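**Q** Show me how the following folds:
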Amino acid sequence: MITLYGRQYWWPSDSDWETLVGAILVQNTNWKNAEKSLANLREKTGFKPDILLNVNLEVLKN
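**A** Take a look at the predicted model:
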């Protein structure tokens, strides 16, 4: 699809990992709350997979 149509930029993100996490978050909450969580995760992890995997669960919940 990307080859045929090119990137569509339909999801507001800076990386593929941010898109992935956002897609998961929005399944369980509204976009406004998902967006807040994404902003916090962006600040704390930069959406780097190795950092995301090592976030303490209690920190992540908050």
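
**Q** Now do the phi/psi pair for G6.
**A** When read as degrees, to the nearest 10, the backbone of G6 gives phi 80, psi 170.

**Q** Start at 56, not 1
**A** Sounds good: first residue 56 from here, last item G61.

**Q** Tell me who's in contact with it.
**A** Going by Cβ atoms under 8 Å, 6 or more residues apart in numbering, G61 touches no other residue. Heads up, the C-betas are built off the backbone N, CA and C, glycines and all.

**Q** I'd like the distance between it and E98.
**A** 30 Å (Cβ to Cβ, to the nearest Å).

**Q** do D105 as well
**A** 17 Å.

**Q** Show me what the helix or strand containing I79 is packed up against.
**A** Assigned by DSSP states H and E, I79 belongs to helix 71-81. Counting contacts by 3 or more Cβ pairs under 8 Å, 6 or more residues apart in numbering; DSSP states H and E, helix 71-81 is packed against helix 86-100, helix 104-108.

**Q** I'd like the next helix or strand past the shortest one.
**A** Along the chain past helix 104-108, the next helix or strand (assigned with DSSP H and E) turns out to be helix 112-116.

**Q** Now do that following helix: distance to the chain's middle.
**A** 16 Å (Cα atoms, centre = their mean, to the nearest Å).
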